[in-house]
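Sequence and predicted structure, then a few things I'm wondering about:
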Amino acid sequence: MLKLPISLISKLDTIHKKISKRIVFDKSIGVEDTVFLASVGRSGSTFLSNVINYNNRFRVMFEPFRYDVVDEAKEFIYPFYLRPDNSNLNFFLAAKKIISGQVSSDWVNSENARLFPQARLIKDIRVNFFLKWIHNNFPEMKMILLLRHPCAVVHSWISAGFGSGRQARERLLANHHFVSDMDDILLKEYLKAETDFEKLIFFWCFSYHVPFQQFNFDDIHLVFYENLILHPKDEVRKLFQVLGYKYSEAKVLNSFSKPSSTTKKTESFFGEKLQRVDQWQKDCSKEQSARAYEIMKLFGMDKLYCPISSIPNMEVLEGLFGSRL
């Protein structure tokens with residue numbers, strides 16, 4: 001059998017990846033072979049996407065619900081809240097076009113490397129406020145919700161200049177369904193938030209409070225970034241059980257070293273224990289940390305993370321769920 005030179009194989013692989021960012025043949029892939037990975041920004045979603053797609057099985061769709069760069073998502077102005085039973089046909093048809101893979105652009109395909117994929121992986125950081133609506137309309141699709149400690153996320157947002165949280169608050173409070181569905185005390189306290197840090201902690205809390213309240217515990221698979229970093233073998237095993245795919249543990253763990261396209265070159269997921277997940281305690285002041293837990297307590301989330309570290313408390317997780325919105 002003729003063996004190609006390594007240099008030629010490398011060139012062919014590069015060409016294949018470039019083509020796959022422009023052209024993808026995935027029309028035969030159904031919703032049942034689609035995985036939806038939701039989170040908020042700076043939570044490690046690209047990292048987790050690389051883990052799921054360790055063997056390049058998937059067509060990766062990068063943030064297709066970003067309204068300002070994807071035409072089909074123009075109605076989903078972030079942050080966009082939809083009640084789970086919303087029956088607006090325009091929203092459904094737009095979402096169906098996205099989820100069925102009919103959307104293709106340099107943005108959406110920016111992380112794709114498979115020309116003829118076997119499955120589809122949609123990764124988006126702007127859907128938490130209508131994630132249950134997506135689930136209700138596309139129930140065959142496997143759904144994963146990724147969480148990372150709010151202080152770590154918010155500090156990263158502020159450092160990256162992602163905004164003050166003011167516009168997000170204005171848009172949410174202008175949505176009468178959101179205002180009607182949320183507890184008055186939460187809304188009043190949200191309005192009182194003055195610093196950028198406080199407004200963004202509230203936004204993180206609402207971003208998870210909504211799916212927690214709307215989903216049943218067994219409807220969606222939760223992955224904590226911290227557990228994935230500290231206990232990769234256990235988390236990978238549980239993840240692929242939900243996905244229903246056989247996997248190579250060695251190859252999956254090797255994918256942990258693949259750099260994220262959204263991570264700065266000066267950053268790394270790895271260090272002691274791959275990365276110290278409590279770095280936020282050095283970045284945030286004690287006052288900020290205390291205030292964050294005060295805000296989390298309003299949502300019943302103060303025990304979700306140990307205040308001394310970033311270790312999630314899995315025992316309280318199920319109690320946060322329930323179809324109450």
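Sure, I can see it.

contacts, neighbours, all on C-alpha from now
OK.

who touches the most centrally placed residue in the chain in this structure?
By Cα atoms, centre = their mean, the chain has its centre lying nearest to S39, at 2.2 Å. By Cα atoms under 8 Å, 6 or more residues apart in numbering, the residues touching S39 are S45, D124, I125, R126, V127, N128, L145, L146, L147.

now, which of the residues you listed sits nearest D184?
D184 lies nearest to N128 out of the contacts of S39, by Cα to Cα, at 20.4 Å.

Could you give the number of residues near the closest one?
By other Cα atoms under 10 Å, the residues close to N128 number 25.

residues touching it, list them.
Contacts of N128 (Cα under 8 Å, 6+ apart): A38, S39, V40, S207, Y208, V210, P211.

what pLDDT does I9 get?
Confidence at I9, expressed as pLDDT, is 47.

should've said P150
97.

Check the one 3 residues further on too.
pLDDT, the model's per-residue confidence, is 97 for V153.

now swap in P5 and tell me
The model's pLDDT for P5 equals 65.

need the longest helix for this structure.
helix 196-214 (DSSP state H).

Please state the offset of it from the chain centre?
14 Å (Cα atoms, centre = their mean, to the nearest Å).

following it, which helix or strand comes up?
Going down the chain from helix 196-214, the next helix or strand is strand 221-224, by DSSP states H and E.

Let me know the next secondary structure element after that next one.
Taking DSSP H and E, what comes next after strand 221-224 is helix 225-230.

Doesn't N50 lie inside a helix?
Yes. According to DSSP: H, G, I helix; E, B strand; the rest coil, N50 belongs to a helix.

Check the burial of it by counting its neighbours.
20.

With adjacent residues omitted, what lies nearest to it?
S255 (6.5 Å; Cα to Cα, 6 or more residues apart in numbering).

which SS state does that neighbour fall under?
helix.

mind listing what it touches?
N50, V51, Y54.

Distance to F92 and pLDDT for the residues you listed - can I get that in JSON lines?
Output for the contacts of S255, formatted as JSON lines (distance: Cα to Cα, whole Å; pLDDT from 0 to 100):
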{"residue": "N50", "distance to F92": "28", "pLDDT": "96"}
{"residue": "V51", "distance to F92": "30", "pLDDT": "97"}
{"residue": "Y54", "distance to F92": "31", "pLDDT": "97"}
